[in-house]
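# next one to model:
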Amino acid sequence: MSNVDIIAAHYAASDRGDLAGMLAPLGPATTWTEAAGFPYAGTYTGPDEVKEKVFGAIANDWDGYRFTLGELADAGDTIVGIGTYQGKHRETGRSFTARVAHVWKFDGGELTSFEQFVDSVPVVNAAEDR
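Numbering: from 1, shown residues only. Below you'll find the predicted structure:
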């Protein structure tokens, strides 16, 4: 599979709610960076840490949290997914919509990193107790 096919398969797994399929491209040394200001900000390494610190936390905090892909750009060893996050916070009951870009980097056909760029303000506002 090409790099863009690998990432397209990740997003297809996300659409199905298939966490194992979403984590399949990650190797033990793959870094995953959630943007500063985002509730799960930080850099995590490998599928187990990403599963726990990102997807597990999201599943715990949100109902109907999803990413909708709008565009997938193929730049060879860099793939960019642009889309929208949506969800409803379990504690506050508030919903949000936020634009996001995901930058995926490959080296020799192996996924080396993921980096999220997101408008985190709507997400944080939905999660904050007011």
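# all strands for this structure, in order.
31-34, 42-45, 62-75, 78-89, 95-107, 110-118 (DSSP state E).
# hey, which helix is longest across this protein?
helix 3-16 (DSSP state H).
# list the buried ones in that helix?
Neighbour counts over helix 3-16 (16 or more other Cβ atoms under 10 Å) mark 3-4, 6-11, 13-14 as buried. For glycine as for every other residue, the C-beta is placed from the backbone atoms N, C-alpha and C.
# now do stretch 70-83
72, 79-81, 83.
# same check on stretch 24-44?
25-26, 30-35, 38-40, 44.
# widest-spaced pair of those?
Pro25 and Pro39 (23.5 Å; Cβ to Cβ).
# ok, of the buried residues of stretch 24-44, which one's closest to Ser113?
Thr31 (4.7 Å).
# so where's this protein uncertain?
130 (pLDDT under 70).
# wait, what's in contact with Leu111?
6, 25-27, 30, 104-105 (Cβ atoms under 8 Å, 6 or more residues apart in numbering).
# distance check, it against Ala101.
17 Å (Cβ to Cβ, to the nearest Å).
# next one: Gly42
18 Å.
# likewise for Leu69?
Counting by Cβ to Cβ - Leu69 and Ala101 are separated by 11 Å.
# what residues are shared contacts of those two?
81-82.
# what sits up against stretch 10-23?
Under Cβ under 8 Å, 6+ apart, the answer for stretch 10-23 is 9, 24-25, 47, 50-51, 55, 66-67, 69, 72, 81.
# in stretch 87-97, what's buried?
Those would be 87, 89, 96, for stretch 87-97 by 16+ other Cβ under 10 Å.
# between the residues you listed, which is nearest Pro122?
Looking across these and measuring by Cβ to Cβ, the closest to Pro122 is Phe96, at 4.1 Å.
# quickly list what that closest one is bridged to.
According to DSSP bridges, the residues that bridge with Phe96 are Gly87.
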